[in-house]
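A.B. asks: got a predicted model here, sequence first, then my questions.
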Amino acid sequence: MAFILRAFILLFFYTFVWNLSCITPLFSSSTDEYSDVQCLKSIKDSLEDPFNHLTWTFEHLTAGSFCNFVGVECWHDQEFKILNLSLSNMALKGKFPQGLEHCKSLQFLDLSGNHLYGTIPLEISQNLPNLISLNLANNSFSGEIPSTLANCSYLNMLELDHNQLTGQIPSATWPAWKDQGV
């Protein structure tokens, strides 16, 4: 009887582990990778894509497969963290995409040449603290240029032209910009 009970427990355990691995394949990878997938899902859900440029599908993902998505560039073959998100000139519509704070390693963000509107979030420096380059040009963003951009300490390139933004680039960031014609 004890043998049958042990066999039943082992069978239950193996079945549970197998089901868990099939349902949540990304949990076997890093937390950052799971976070990046959340980021991309949120972006896709928050933007209208009339020409279906974002052909991203999230079913049956394997480790790092999102690195092959259109507009997504990861650090390198063994480091499945998003470095660059380049979604320029895709006719995307909506407000500043939600979920970008989940792209924790993002350094380059290009959303230029779309139909994005509304304000640039005040929490941009908290959500994207590692940004080196931010291109939001040729959209319809409006409101004040967030003073919090001054807190993006790594930011080297900022393009905001051809929007309806008011105000000036925060003075704390000005020395990095003065020779770049921003």
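C.D. replies: Now that the structure is in, tell me what you want to look at.

A.B. asks: rest of the way, CA atoms for contacts and neighbours
C.D. replies: Noted.

A.B. asks: what packs against the strand or helix carrying residue 41?
C.D. replies: Here residue 41, judged by DSSP states H and E, is contained in helix 31-46. Judged by 3 or more CA pairs under 8 Å, 6 or more residues apart in numbering; DSSP states H and E, helix 31-46 is in contact with strand 79-86.

A.B. asks: angle of the strand it packs on against helix 31-46?
C.D. replies: 30 degrees (axes from the mean of the first three to the mean of the last three CA atoms, to 10 degrees).

A.B. asks: partners of strand 79-86 in the sheet?
C.D. replies: strand 72-76 (antiparallel), strand 108-110 (parallel) (DSSP bridges).

A.B. asks: ok, residue 165 touching residue 144?
C.D. replies: Yes. Contact status for residue 165 versus residue 144: in contact at 5.7 Å, counting by CA atoms under 8 Å.

A.B. asks: between the two, which is the more surrounded one?
C.D. replies: Legend: neighbour count by other CA atoms under 10 Å for residue 165 and residue 144, higher for residue 165 (18 against 15).

A.B. asks: what helix or strand is the residue lying closest to the more buried one once chain neighbours are set aside on?
C.D. replies: Leaving out its chain neighbours, the residue that sits closest to residue 165 by CA to CA, 6 or more residues apart in numbering is residue 142, at 4.5 Å. Per DSSP H and E, residue 142 falls inside strand 140-144.
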